[in-house]
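1. One predicted model, sequence on top.
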Amino acid sequence: MDRILNKLLKRRKTVVTVFIVITVLCAACIPFVSVNYNMVDYLPDTAKSTRALSEMEAEFVQTVPNAKAMIKNVSVSEALEYKQMISEVEGVELVMWLDDVVDVKQPLEVLDKDIVSGYYKNGSALIQIAIQGGKEADAVEDILELIGDENCLSGDAVDSAQSQSMSETESMKSMAILIPMLVIILIISTNHWLEPILYLAAIGISVLINMGTNIMFDNISYITFAISPILQMAVSLDYAIFLLHRFEYYRPREESNEAAMVKAMKVAFKSIIASAATTAFGFMALTFMNFKIGFDLGLNLVKGIVISFICVVVFMPCLTLLMVKLLDKTKHRSFIIEIKNIGKIVRKVKTPVFILVILIIVPSFVAQNSNSFIYGTSGWDDESRAALDTREINDVFGESVNMVLLVDKGDVAREKTLCDELSGVENVTSVVSYASMVGNVIPPGYLDESITSQFYSENYARIILYVSTPSESKEAFECVETVRGIAEKYYPEVLTCGQSANTYDIKYVVTDDSTRVNIINILAIGFVLLLTFRSISLPVMLIMTIETSIWMNLAIPYFTGTTLGYIGYLVMTTVQLGATVDYAILFTDNYLHNRKTLMPAQAVELTINKNLSSIMVSASILISAGIALNLVSSNAVIAQLGTLLSRGTGFSLLLVVFFLPGMLIIFDKVVEKTTLHTNFFKGGKKK
């Protein structure tokens, strides 16, 4: 091992050059990584909405309306002019308005009021628009420029366009906030001005390599694109800190800097590999989700952890030795303010803290298990243009989302009967199909293909329902169930899609994922802890500490009445366990070492005094990452993930410092009997 490490360090200039070249190439690839903004694509192939979208794309040329524009203070003729101008925008496939349903040459007063009010009300026209997938950003921008700030635009396509325009800029803004915060934390916690640069260089290079190597995939989700770099940097910075601290420790004790680095690499390897393994296994649990966004995000983060590990154990030692003289010239005094007697305080409060946490565990578990969730991923900041426009449209025309049914083609009479029954369903405001608009009197073959192609393909009849509910609500999901139930009375197989139907399927897929992901996460990390400590009791105690902090974190939304984004909730639970269990590992590893020469209470006191600053630095980094996500993201799900992550890390820090020590003291004999080779001190002699 020494021979291999010495050869690596002797070729340090070559190693650093190779990594820089790889980083430049990967950075150049980042703009060409394809980003997917459609969460429905990540539903399993068996989901009804997935199959419906696949069949509809294969069989129908025209897209279902996925946006709506409200034009204020216009006459019918002016609304028709806007309709024509919108139809000429590149990427717009279909524009529908009142004239497609009734003869607008007649006075509106003689027409069906319910139909008219769905398209034209109080001088405002509501125009339905179908925008081609992949062209949402440009088309939405052009339509907004066309209709002006005084009018409104909303819908799935607008959400997708906003995701496209925000994800890249917001990821960069998050980094712009996070990096200065990290520099401040690292300056305070280190003894050289250059140290933060070394840390950020090593992890920054790994982040760029990870982002660039995503070009090997067909695409990555915009959620992965937005949060993966932040999380990778936050959770892997510890590896670099472990290594450089060990190097500084061995420098005065070894004959050369190369020898000190070899020693540091060998000693730090155990801590780094244990930390990386627990984090990687936590992320790997996400890949077992049926909702494939978990596989996308989990795979990307695991890849990032592996790359960070390689950069820290290969690139960083070489870079450090190249810059060691400059490192020495930038030495400064430590800015860390030592909290005197903190170990003594922790020792004294161990029993009341232990009792308090035990009393909190059950209510926290019950509360976090009773949270209310949203299952979509397109919630935006309440003050964003998309949110304001949606509220304004809803104020005039009411809530409205569409639902699409694909049924077997060929029996127009049966189709008409189905449409008539669907029209009577609560919250269904209109049903648009060939049978409902043309009737079963005129055969499709007698009409122009431009009309019939909207409703009939080679194999399917397409029925579009407009529903007066939010896209995600109890009423919306009940409507989906009712519509599917009615349709299945008439046809052996019915495929459904649309905002509510898609979110309904996401709900039942990700809810099923939750238990499986959490169990896999706990078992995988427990296995790593079992190998690390060769103990049965310690993995239980460490996981219990972090799981309790997770439950406390998630109980707060229940008591404050806050609705959680389910995707963010799943990601947060895996990240908090996988990343913050490292604090418990660091503390326990040092405690076991101290316990060989001290009694339990004294070992805890010394461990707290010696390791509190390291744990606080690690926690501060992850808290900073959460704050950066929360401050910058206009997507409510990602912003909320940031809040949960920073608050959860704070809870993990508190429980590792105040609760875990009490457990180690109280269950000292259990730990000794269930752990190999403890060699605990027995007051004058070792056992």
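-> That came in fine, so what should we check first?
2. For the chain, which helix or strand comes out least confident on mean pLDDT?
-> Across the helices and strands of the chain, mean confidence by mean pLDDT, DSSP states H and E is lowest for helix 449-452: a mean of 60.
3. Where does pLDDT dip in the protein?
-> For the chain, residues meeting the criterion pLDDT under 70 lie at 62, 167-168, 377-383, 437-451, 684-687.
4. circling back: could you list every helix and strand that whatever helix or strand comes next after the least confident helix or strand of the chain packs against?
-> The C-terminal neighbour of helix 449-452 among helices and strands, as given by DSSP states H and E, is strand 460-467. Packed against strand 460-467 by the contact rule (3 or more C-beta pairs under 8 Å, 6 or more residues apart in numbering; DSSP states H and E) you find helix 48-59, strand 401-408, helix 412-423, strand 428-432, helix 434-437, helix 474-490. All C-beta atoms are positioned from the backbone trio N, CA, C, and that covers glycine.
5. Columns distance to Leu5 and mean neighbour count on top of these, output as JSON lines?
-> Below are those laid out as JSON lines (distance: least, C-beta to C-beta, whole Å; neighbours: other C-beta atoms under 10 Å):
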{"stretch": "helix 48-59", "distance to Leu5": "50", "mean neighbour count": "18"}
{"stretch": "strand 401-408", "distance to Leu5": "61", "mean neighbour count": "23"}
{"stretch": "helix 412-423", "distance to Leu5": "71", "mean neighbour count": "18"}
{"stretch": "strand 428-432", "distance to Leu5": "70", "mean neighbour count": "20"}
{"stretch": "helix 434-437", "distance to Leu5": "74", "mean neighbour count": "20"}
{"stretch": "helix 474-490", "distance to Leu5": "59", "mean neighbour count": "17"}
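6. and of these, who's closest to Leu321?
-> helix 48-59 (52.9 Å; C-beta to C-beta).
7. okay, the closest one in PDB with CA atoms only?
-> Only the C-alpha atoms of helix 48-59 are listed here, as PDB (Å, rounded to 0.1, in the frame of the first residue of the first chain):
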ATOM      1  CA  LYS A  48     -52.600   4.100 -16.600                       C
ATOM      2  CA  SER A  49     -51.600   7.700 -17.300                       C
ATOM      3  CA  THR A  50     -48.200   6.600 -18.700                       C
ATOM      4  CA  ARG A  51     -49.800   4.100 -21.100                       C
ATOM      5  CA  ALA A  52     -52.400   6.700 -22.100                       C
ATOM      6  CA  LEU A  53     -49.700   9.300 -22.900                       C
ATOM      7  CA  SER A  54     -47.700   6.800 -24.800                       C
ATOM      8  CA  GLU A  55     -50.600   5.700 -26.900                       C
ATOM      9  CA  MET A  56     -51.800   9.200 -27.500                       C
ATOM     10  CA  GLU A  57     -48.400  10.400 -28.700                       C
ATOM     11  CA  ALA A  58     -48.200   7.400 -31.000                       C
ATOM     12  CA  GLU A  59     -51.700   7.600 -32.500                       C
END
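8. where do the strands sit along the stretch 451-600 of the chain?
-> Assignment of strands within the stretch 451-600 of the chain using DSSP state E, counting those that start in this stretch yields the ranges 460-467, 495-498, 564-565.
9. so what strands line up beside the last one?
-> Okay, so that is strand 564-565. If you go by DSSP bridges, strand 564-565 pairs up with strand 373-374 (parallel).
10. residues in contact with the helix or strand just after the strand it pairs with?
-> Using DSSP H and E, the helix or strand that follows strand 373-374 towards the C-terminus is helix 385-397. Under the contact criterion C-beta atoms under 8 Å, 6 or more residues apart in numbering, helix 385-397 has outside partners 68, 70, 117-118, 121-122, 124, 126, 144, 152-154, 158-159, 162, 380-381, 400.
11. residues of helix 385-397 that come out buried?
-> Within helix 385-397, the residues that qualify as buried are Arg385, Ala386, Ala387, Asp389, Thr390, Glu392, Ile393, Asn394, Phe397, counting by 16 or more other C-beta atoms under 10 Å.
12. Over to stretch 265-283?
-> For stretch 265-283, the neighbour count (16+ other C-beta under 10 Å) marks 265, 267-268, 271-283 as buried.
13. returning to that earlier point: buried deepest among the strands of the stretch 451-600 of the chain, which one?
-> strand 495-498 (a mean of 25; mean count of other C-beta atoms under 10 Å).
14. Dump that one to PDB, restricted to CA.
-> Taking C-alpha atoms only, strand 495-498 is exported to PDB below (Å, rounded to 0.1, in the frame of the first residue of the first chain):
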ATOM      1  CA  LEU A 495     -56.700   4.800 -20.600                       C
ATOM      2  CA  THR A 496     -56.700   8.200 -18.700                       C
ATOM      3  CA  CYS A 497     -54.200  11.000 -18.400                       C
ATOM      4  CA  GLY A 498     -54.200  14.700 -17.600                       C
END
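15. helices or strands up against that strand?
-> Strand 495-498 sits against helix 48-59, strand 401-408, helix 474-490, with contacts defined as 3+ C-beta pairs under 8 Å, 6+ apart.
16. can you redo those as JSON lines with distance to Gly526?
-> What follows is these, written out as JSON lines (distance: least, C-beta to C-beta, whole Å):
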{"stretch": "helix 48-59", "distance to Gly526": "34"}
{"stretch": "strand 401-408", "distance to Gly526": "43"}
{"stretch": "helix 474-490", "distance to Gly526": "36"}
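17. Nearest approach to Ser87 belongs to which of those?
-> Judging the helices and strands packed on strand 495-498 by C-beta to C-beta, what sits closest to Ser87 is strand 401-408, at 18.6 Å.
18. Identify the residues contacting that closest one?
-> The set of residues external to strand 401-408 that reach it, using C-beta under 8 Å, 6+ apart, is 52, 55-56, 64-65, 415, 418, 459-467, 469-471, 476, 479-480, 483, 487, 490-501.
19. from the middle of its chain, how far away would that strand be?
-> 30 Å (C-alpha atoms, centre = their mean, to the nearest Å).
20. That strand relative to helix 474-490, how many degrees between them?
-> Counting by axes from the mean of the first three to the mean of the last three C-alpha atoms, to 10 degrees, strand 401-408 lies at 10 degrees to helix 474-490.
21. Within its sheet, name the partner strands of strand 401-408 and how each one runs.
-> Sheet pairing for strand 401-408, using DSSP bridges, gives strand 460-467 (antiparallel), strand 495-498 (antiparallel).
22. so the longest one versus strand 428-432, what angle?
-> Angle of strand 460-467 versus strand 428-432, following the same axes, to 10 degrees, is 150 degrees.
23. what are the phi and psi angles of Ser468?
-> phi -90, psi 60 (degrees, to the nearest 10).
24. surely Thr678 meets Pro600?
-> No. Thr678 is beyond contact range of Pro600, at 11.6 Å (criterion: C-beta atoms under 8 Å).
25. hmm, back to that, which stretch among the helices and strands packed on strand 460-467 approaches Val362 most closely?
-> helix 474-490 (28.3 Å).
26. Off-centre distance for that closest one?
-> 30 Å.
27. How about residues contacting it?
-> Helix 474-490 is contacted from outside by 48, 401, 403, 405, 407, 414, 417-418, 421-422, 425-428, 465, 467, 469-470, 494, 496, 500-501, 503-504, 507, using C-beta under 8 Å, 6+ apart.
28. what angle separates that helix from helix 48-59?
-> 60 degrees.
29. Redo the strands of the stretch 451-600 of the chain as CSV? Include distance to Asp2.
-> Formatted as CSV, those follow (distance: least, C-beta to C-beta, whole Å):
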stretch, distance to Asp2
strand 460-467, 69
strand 495-498, 62
strand 564-565, 50
